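> okay, here's the prediction I keep looking at, along with the sequence it came from:
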Amino acid sequence: MSSMTGKNIKISVFGQSHSQGIGIVIDGLPAGFEIDTDSLLSFMARRAPGQSKLTTTRTEADIPEIISGIADNKTCGAPLCAVIRNTNTRSKDYSNLKDCPRPSHADYAASVRYKGFNDIAGGGHFSGRLTAPLCFAGGVCIQILKSMNIEVKAHLYSVHGVFDTPFDPVNITDVNIGEKAFPVIDDEAGEKMQEEILKAKRSADSVGGIIECAVTGIEAGFGSPMFDGVENIIAKNIFGVPAVKGIEFGNGFKCASLFGSENNDPYTVRDGKIITETNNSGGITGGITTGMPIVFRVAMKPTPSIGQKQKSVSISEKCNQELIIHGRHDPCVAVRAVPAIEAVTAISILDIISEDYR
């Protein structure tokens, strides 16, 4: 099923943007782990809507109701299930989209795939709202990984040509991005990004962005070659986040323009440990972790729901038609996607290290 993923840590996402609720089931978590509820809610709040003029005005509490999987305040081995109620929906804003699909949305493709029975309101099961339960699952996995001294962190690397300071791929320090109102390393660059987002919003338009993510503390030797590599697993799950259109690890596409002597990562020994002097491969070679930080970047497209008049069609009449989209939408979906990328990465990493490779 397309809404399920994982081999050792399995997740299943359910619900639609305007259904009674959305949620997730997580199977395979280690038993006996005590979840820090305050920390989990704080993490989920980072992606919650309606917090600033940079995001949609839709407001949702996004408080998860844990249905199963907890006993005596600890995971008990049973599947962990959580539901998040939808309380602030305006389905009437989407009534005209059943016949007139939004450009660059899943509306038309889903209508063909599901023979017109797809839920169009708020994007249905294709909505970015489904990243809320992903953040619940990812928030739990982040805490479990942290107990193993493995950390996941991400920042908004660029917005519409404005770039943040990149991670040092060899020595990633604790930059406390998660504690900031705007998820960047360089606050001055963040201010310029916000100006670009607001400029687009004033023009009834939107902008895309790039998110950079890193995993530190993971040892060498996890993963497999070919189709079950670390990049494969992370990439597959990252593309489950709506609006993701690309991913690159380490030097990524840049390595295609380099000499091997420039792109290779020389080995060295430091304090009795084998490491590499550089980390152009992003902490993965042959689909297997090298012991260096895993570093990758994710391209997020501009939010396709914009306020400008756009060209579309009438599905029933088979004729051209102009469309004006109503509703409440983010002028830059990449801002709230930062914790979602962290969440999906944590789910992926816990799944990978739960396999007995060695």
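That came in fine, so what should we check first? Numbers count the residues shown, from 1 in each chain.

> what segments of the stretch 151-300 of the chain are strands?
Taking DSSP state E, counting those that start in this stretch as the criterion, the stretch 151-300 of the chain contains strands spanning 151-159, 162-163, 209-216, 244-249, 267-270, 273-276, 284-285, 288-289, 294-300.

> would a markdown table of those strands with distance to Ile22 be doable?
Just so you know, the C-beta spots here come from the backbone N, C-alpha and C atoms, and that holds for glycine as well. What follows is these, written out as a markdown table (distance: least, Cβ to Cβ, whole Å):
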| stretch | distance to Ile22 |
| --- | --- |
| strand 151-159 | 22 |
| strand 162-163 | 32 |
| strand 209-216 | 22 |
| strand 244-249 | 19 |
| strand 267-270 | 46 |
| strand 273-276 | 41 |
| strand 284-285 | 32 |
| strand 288-289 | 32 |
| strand 294-300 | 20 |
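
> any chance of those in TSV, plus distance to Glu195 and mean neighbour count?
TSV is the format used below for the strands of the stretch 151-300 of the chain (distance: least, Cβ to Cβ, whole Å; neighbours: other Cβ atoms under 10 Å):
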stretch	distance to Glu195	mean neighbour count
strand 151-159	9	24
strand 162-163	8	18
strand 209-216	14	23
strand 244-249	24	17
strand 267-270	42	9
strand 273-276	38	14
strand 284-285	36	20
strand 288-289	39	20
strand 294-300	18	25
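
> can I get the ones you listed in TSV including mean pLDDT?
As requested, the strands of the stretch 151-300 of the chain are arranged in TSV below (pLDDT from 0 to 100):
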stretch	mean pLDDT
strand 151-159	97
strand 162-163	98
strand 209-216	98
strand 244-249	98
strand 267-270	96
strand 273-276	96
strand 284-285	98
strand 288-289	97
strand 294-300	98
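
> flag the shaky bits of the stretch 1-150 of the chain, pLDDT-wise.
Within the stretch 1-150 of the chain, the ranges that satisfy pLDDT under 70 run 1, 49-51, 56-60, 88-95, 121-122.

> which parts of it are strands?
Secondary structure of the stretch 1-150 of the chain (DSSP E, counting those that start in this stretch): strands at 4-5, 10-15, 21-27, 65-68, 70-71, 74-75, 80-85.

> distance check, the residue lying closest to Lys201 once chain neighbours are set aside against Asn237.
Excluding its sequence neighbours, the residue lying closest to Lys201 (Cβ to Cβ, 6 or more residues apart in numbering) is Pro331, at 4.0 Å. As defined by Cβ to Cβ, to the nearest Å, Pro331 lies at a distance of 26 Å from Asn237.

> try Val162
In terms of Cβ to Cβ, Val162 sits 28 Å off from Asn237.

> among Pro331 and Asn237, which residue is more densely surrounded?
Set side by side, Pro331 and Asn237 show unequal neighbour counts under other Cβ atoms under 10 Å, the larger going to Pro331 at 26 against 21.

> what's the biggest helix by length in the chain packed up against?
Taking DSSP state H as the criterion, the chain has its longest helix at helix 334-353. The criterion is 3 or more Cβ pairs under 8 Å, 6 or more residues apart in numbering; DSSP states H and E, and the helices and strands that helix 334-353 contacts are helix 37-45, helix 131-146, strand 151-159, strand 209-216, helix 230-238, strand 294-300.

> one more pass at 7 Å, please.
Packing contacts for helix 334-353, counted by 3 or more Cβ pairs under 7 Å, 6 or more residues apart in numbering; DSSP states H and E, involve helix 131-146, strand 151-159, strand 209-216, helix 230-238, strand 294-300.

> among the ones you listed, which is nearest Lys273?
The closest approach between Lys273 and any of those, judged by Cβ to Cβ, belongs to strand 209-216 at 14.2 Å.

> mind listing the strands that closest one pairs with, and their directions?
Sheet partners assigned to strand 209-216 using DSSP bridges are listed as strand 151-159 (antiparallel), strand 294-300 (antiparallel).

> what's the angle from that strand to helix 230-238?
Strand 209-216 and helix 230-238 meet at an angle of 130 degrees, taking axes from the mean of the first three to the mean of the last three Cα atoms, to 10 degrees as the criterion.
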